[in-house]
Structures are given as C-alpha cells and as structure tokens.
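In: Task: produce atomic coordinates for the following.
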Amino acid sequence: QVQMVESGGGLVQAGGSLRLSCAASGRTVSSYVMGWFRQAPGKEREFVAAISGSGGSTYYADSVKGRFTISRDNAKNTEYLQMNSLKPEDTAVYYCAAGLMGLSGRYYRPLDYDYWGQGTQVTVSS
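Out: Numbering: from 1, shown residues only. Next up, the predicted model:
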C-alpha cells in the first residue's frame with residue numbers, strides 16, 4: 001500500500017506562483033507514473049500533468065502547458081508541481097496520484113491510477 005500526502009497549496013493572487021509537493025510512503029514509486037489532477041466545485045476531476053517513472057517523459061493538459069512544470073525526485077519518493085502565472089480558473093483541489101499504468105494505461109485517465117493523495121486546495125484570486 002502507498003500513502004501519498006500533498007502539501008504546498010494556498011491562496012495566491014493571479015499571476016503568482018505556487019509549488020505543490022507530494023510525498024509517497026510505504027513503497028518505492030520509482031516505477032510508477034505519477035500525476036496531478038484537479039477538481040473545481042461542480043466539475044469533474046481533470047488531468048493536469050503526469051511524469052514517467054524515470055522522469056524522462058512529461059505530459060500536460062493544454063490549459064496549463066507553458067505555465068506548470070511537473071518533476072520528481074525518486075530518491076525522495078516525491079513529485080512536484082511548479083505552478084506559475086496562475087489564473088483564477090486554476091482554482092481547485094489538486095490531487096497527486098501514482099499508477100503502474102500497464103500497456104492499456106493512460107496517464108490522463110484517473111481510473112488508471114492506483115493511489116491518491118487527500119488533495120490540497122489552491123485558490124487564485126483575481
């Protein structure tokens with residue numbers, strides 16, 4: 001079993017930056033795809049970014065491309081999401097996730113992730 005704990009959320013003005021962290025424990029996740037999703041009130045959970053086990057491949061939603069950067073430190077069993085140029089529409093609860101994926105797995109699909117954090121609130125004021 002893997003436990004995942006996010007941190008780094010908060011309130012920021014539009015144009016500002018935040019860095020989210022997600023620490024995994026219970027098992028080494030270096031072979032897992034790790035991702036970030038977000039969910040705004042009244043909306044479905046949506047894909048934000050994902051990173052391969054080695055960190056060599058990264059994927060982003062079009063809405064955050066060029067503003068957000070995902071990274072990981074396998075020695076610390078931790079992933080990060082650097083969020084710059086934040087907009088009010090980025091306001092949501094952000095969740096980190098880890099999944100082995102497999103051949104049919106898709107990094108953008110929540111159901112393909114095995115473990116989830118509890119979420120951290122990000123609020124961007126205009």
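In: what's the nearest residue to residue 70 if we skip its chain neighbours?
Out: residue 49 (4.0 Å; CB to CB, 6 or more residues apart in numbering). Bear in mind the C-beta positions are built from the backbone N, C-alpha and C, glycine included.
In: Can you point out the helix or strand that includes the one you found?
Out: Per DSSP states H and E: residue 49 is located in strand 46-51.
In: which residues sit against that strand?
Out: 33-39, 57-61, 64, 68, 70-72, 79, 81, 94, 107-110 (CB atoms under 8 Å, 6 or more residues apart in numbering).
In: try it again with 6 Å
Out: The contact list for strand 46-51 (CB atoms under 6 Å, 6 or more residues apart in numbering) reads 33-38, 58-61, 64, 68, 70, 72, 107-108.
In: Stretch 66-80 too?
Out: Residues contacting stretch 66-80 (CB under 6 Å, 6+ apart): 21-24, 29-30, 34, 49, 51, 55, 58, 81-85.
In: who wins for most neighbours among the residues you listed?
Out: Per-residue neighbour counts (other CB atoms under 10 Å) across the contacts of stretch 66-80 peak at residue 34, which has 31 neighbours.
In: Just give the closest residue to it, not the sequence neighbours.
Out: residue 79 (4.4 Å).
In: what's the answer for residue 116, then?
Out: In this structure, residue 116 finds its nearest non-sequential neighbour in residue 97, 5.0 Å apart by CB to CB, 6+ apart.
In: Do I have it right that residue 95 meets residue 36?
Out: No - with contact defined as CB atoms under 6 Å, residue 95 does not count as touching residue 36 (7.1 Å).
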